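S.K.: The following block contains a protein sequence and its predicted model.
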Amino acid sequence: MSKHYTQSRLQQKNRKKKRKQTLLLSILIPLFTVILIGTVYFARLLATVENEIDSSFVEIDRPEPVKAVNPIEEPVSFLILGIDSDETRQLDSTRADSIIYATLNPLTHEMNMVSIPRDTYVPIMRNGSVVRWDRINAAYAVGEESVMVQTVEEWLDVPIHYYATFNFTAFIDIIDELGGIEMEVPVTIREMDSNDQMGSIYLEEGFQTLDGQQALALARTRKIDDDVARGHRQQLIIQAIISKALNFQSISKYSSIAETVGSNMRTNMRMNDMTAIAQTGLNQSFTMHSHVFEWSSFTERQMDLVRIEPNSFTRIQQELQDSLIRTTKTEDSSITEDENNTDTSTSSKTDDQSFAN
């Protein structure tokens, strides 16, 4: 073998090696660039979100502290409040317009929600004592989130680990920042918007994308049915918001959403709590069980009030309590309208939905 041939083979090997190195670098450099940019972006996003969440943090007074839980490994519960307030309203005129109790179980990947009619007649609780019997939404006027939490805990005999209070500005802006929500509108409505413009929102029954104003109109309307059906619509909207927010395409919008939330929400959740809760939903699909109480109306002290039917109350209360201790997924035990609704003055409906992320 000649010396010239040996040098030629070495040169060919070197050229092939350089081509491989060039090809490898052409892949790795853009990849690392993307990773670097992504890291910087998410670091900035995380900082922005954390700052906004911290600004919305408000702890509440309790007669006894609730047991701390790890949302990644243990079931947790929430009280979600929607209030219709502005700078001109005083505390004694502010009521909780929407009241939803929810549990999230990371072991069974199930979420249970129940809407509490705002006219439900209950004992308003503060520091272990009954302040008075009144509509449950009046608890907010008595002592804001602290009294609301104590009242719901005592009435349902369940713990509340976290609360989140939104005003209607946050509700509208969050949905708009997500680019709207997709959902099945259960009923045709004509309703006013958030500026009280009568008849400015018109929605037909059926599947569609709703913006913030449309979703708010659907959540608030009371003329077509009652508070119980209204609560069910609000649960459907919350399900649609959760589904959209957990979509990967929504991640880039979290920063602007956080800015909206920070100035229009109060909560006792820290950033690490929210991250753990979000991780539960992102890790695996979960099933959502939506409960609605059967009820009847009555009048007391010239007030139109709601009385929850005992059998319905016991059944849903038990389901909520079980959801906080259940370690394996069970068959759906929901009761449909036709199975257990013989009184024409009551209504009950339960929808279960699975969200795959």
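M.R.: On my side now, so go ahead.
S.K.: Going by C-alpha atoms from here, please, whenever you check contacts or count neighbours.
M.R.: Noted.
S.K.: residue contacts, V149?
M.R.: Residues in contact with V149 (Cα atoms under 8 Å, 6 or more residues apart in numbering) are 79, 160, 163.
S.K.: Longest strand in this structure, please.
M.R.: strand 96-105 (DSSP state E).
S.K.: What's the local residue count around V131?
M.R.: For V131, the neighbour count with other Cα atoms under 10 Å is 14.
S.K.: Surely it and M125 touch.
M.R.: Yes: here V131 reaches M125: they are 5.8 Å apart, a contact under Cα atoms under 8 Å.
S.K.: list residues touching both of these two?
M.R.: By Cα under 8 Å, 6+ apart, no residue touches both V131 and M125.
S.K.: can you confirm Q318 is in a helix?
M.R.: Yes: per DSSP: H, G, I helix; E, B strand; the rest coil, Q318 lies within a helix segment.
S.K.: any idea how far it lies from T328?
M.R.: 16 Å (Cα to Cα, to the nearest Å).
S.K.: Of these two, which one has the most company?
M.R.: Using other Cα under 10 Å, the more surrounded residue of Q318 and T328 is Q318, with 14 against 11.
S.K.: Would you mind listing the residues in contact with the more buried one?
M.R.: By Cα under 8 Å, 6+ apart, Q318 has no neighbours at all.
S.K.: Now do it, the pLDDT please.
M.R.: Note for Q318: predicted pLDDT of 97.
S.K.: same question, K3
M.R.: 52.
S.K.: quick one: the helix or strand where I80 lies to strand 96-105, angle?
M.R.: Secondary structure from DSSP states H and E places I80 in strand 76-83. Computed by axes from the mean of the first three to the mean of the last three Cα atoms, to 10 degrees, the angle separating strand 76-83 from strand 96-105 equals 160 degrees.
S.K.: now for strand 76-83, which elements pack on it?
M.R.: Judged by 3 or more Cα pairs under 8 Å, 6 or more residues apart in numbering; DSSP states H and E, strand 76-83 is in contact with strand 96-105, strand 162-167.
S.K.: partners of that strand in the sheet?
M.R.: Strand 76-83 has the following strand partners under DSSP bridges: strand 96-105 (antiparallel), strand 162-167 (parallel).
S.K.: Quickly compare those strands and say which is most buried.
M.R.: strand 96-105 (a mean of 23; mean count of other Cα atoms under 10 Å).
S.K.: Which SSE is immediately downstream of that one?
M.R.: strand 110-115.
S.K.: show me where pLDDT drops low in the stretch 51-200 of the chain?
M.R.: In the predicted model, the stretch 51-200 of the chain carries pLDDT under 70 at residues 52, 84-93.
S.K.: For it, just list every one of the strands.
M.R.: Using DSSP state E, counting those that start in this stretch, the strands found in the stretch 51-200 of the chain span residues 76-83, 96-105, 110-115, 121-126, 129-135, 162-167, 181-185, 189-191.
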